[in-house]
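*Asks:* sequence and predicted structure are below.
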2 protein chains.
Amino acid sequence: MVDQPLPMPAAAEIRLPELVKALADQNRLKIVMALADGEFHHIIDLPDLDVQKSTQSHHLRTLREAGFTETYIEGRSCRIRLRVDTLDARFPGFVEALTSPAARADVLAPALPA
Amino acid sequence: MVDQPLPMPAAAEIRLPELVKALADQNRLKIVMALADGEFHHIIDLPDLDVQKSTQSHHLRTLREAGFTETYIEGRSCRIRLRVDTLDARFPGFVEALTSPAARADVLAPALPA
DNA sequence: CCTTTAGTTTGATGTTCGTCAAACAGTTTG
DNA sequence: CAAACTGTTTGACGAACATCAAACTAAAGG
């Protein structure tokens, strides 16, 4: 049987102030970029944030409660994805702009250079 | 003679993390919505934020230093506008999505209802 | 069972940040 | 010059928040 998603706001309950507050952290911004493709990801595969797992858990909860992500428990692991369609319907163009090449490059840039 | 703009980052120096951090405040989000048309506004005409003038000055500085706004001193007043073209060139679609009708409605909504 | 594994929750800590009040700076007007 | 006006800066305070460590929950494996 398929699991229930963890608690998250319905489409109509998603608020822009909460979304931008959730983005106001480098690590959460990196997570969003990593989820930009809209596909499910195992959280173990997310980029290394160099924080304790309790902190990462906190960030993932913040993103979920803001409405960015959808999380399913699968055994003792999790699947997570960006709610691309929901977010685009609620705030057209927002996620697209946020995960555009220019945006991704800017957020991930400091980590890449040699 | 025309005044110099107050210090602000050049287009290439504008960073997405700084932009979203600047948005992570209800009052600054309201200011951005009020400037959505891209035209110059006198700061005296901005929506009432119910904060002291020193606080408003702080918010305007935060927006300017993040790269959102351009400010010119004019006598003992100021003209300010969103750097729409610069921002759109740097992060295509971001400002448009941020100031879309859905976004404006969501940010301004709690203030409007009877 | 016991252990390991994956993630969450709780409590504590230090920092960031929004806010105000007061002092300050520059402009306009009397 | 003096007074009024518009906005900035500084310093202090409290709330919000990112972080960690430790305890906890639940699922797999031996």
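*Replies:* Looks like it arrived, so ask away.

*Asks:* residues contacting residue A:83?
*Replies:* A:8, A:67, A:68, A:69, A:70 (C-beta atoms under 8 Å, 6 or more residues apart in numbering or on different chains). For every residue, glycine as well, the C-beta is placed using N, CA and C.

*Asks:* oh, I was asking about residue A:68
*Replies:* Residue A:68 touches A:19, A:22, A:32, A:82, A:83, A:87, counting by C-beta under 8 Å, 6+ apart.

*Asks:* can you tell me the element the residue most central in space within chain A falls in?
*Replies:* With distances taken as C-alpha atoms, centre = their mean, residue A:32 lies nearest the centre of chain A, 3.9 Å away. Here residue A:32, judged by DSSP states H and E, is contained in helix A:26-34.

*Asks:* and chain A, which residues reach DNA strand D?
*Replies:* With C-beta under 7 Å from any atom of the strand as the criterion, chain A meets DNA strand D at residues A:21, A:24-27, A:50-52, A:54-55, A:58-59, A:62, A:75-76.

*Asks:* what about the residue nearest to residue A:84 when sequence neighbours are not counted, neighbour count?
*Replies:* Leaving aside its sequence neighbours, residue A:84 sits nearest to residue A:38 (C-beta to C-beta, 6 or more residues apart in numbering or on different chains; 4.1 Å). If you count neighbours by other C-beta atoms under 10 Å in any protein chain shown, residue A:38 ends up with 14.

*Asks:* touching, residue A:38 and residue A:86? I think so.
*Replies:* No. Assessed by C-beta atoms under 8 Å, residue A:38 is found out of contact with residue A:86, at 10.7 Å.

*Asks:* average pLDDT for the following helix or strand past the helix holding residue A:32?
*Replies:* The first helix or strand that comes after helix A:26-34 along the chain, using DSSP H and E, is strand A:41-42. Across strand A:41-42, the average pLDDT comes to 96.

*Asks:* could you give the separation of the longest helix along chain A from the chain centroid?
*Replies:* When chain A is parsed with DSSP state H, its longest helix is helix A:53-66. Mean C-alpha position of helix A:53-66 versus that of the full chain (C-alpha atoms, centre = their mean, to the nearest Å) differs by 9 Å.

*Asks:* which residues of chain A score low on pLDDT?
*Replies:* Residues of chain A that meet the criterion pLDDT under 70 lie in A:1-3, A:110-114.

*Asks:* and residue A:73, that's in a helix?
*Replies:* No. Counting by DSSP: H, G, I helix; E, B strand; the rest coil, residue A:73 falls outside a helix, being strand.

*Asks:* residues near it, how many?
*Replies:* Count around residue A:73 with other C-beta under 10 Å applied: 12.

*Asks:* tell me the bridge partners for it.
*Replies:* Bridge pairing for residue A:73 (DSSP bridges) gives the partners residue A:78.

*Asks:* hang on, the earlier thing: who wins for neighbours among the contacts of residue A:83?
*Replies:* Busiest of the contacts of residue A:83 [other C-beta under 10 Å] is residue A:68, holding 29 neighbours.

*Asks:* give me the phi and psi for residue A:70.
*Replies:* phi -130, psi 130 (degrees, to the nearest 10).

*Asks:* secondary structure element for residue A:20?
*Replies:* If you go by DSSP H and E, residue A:20 is part of helix A:16-23.
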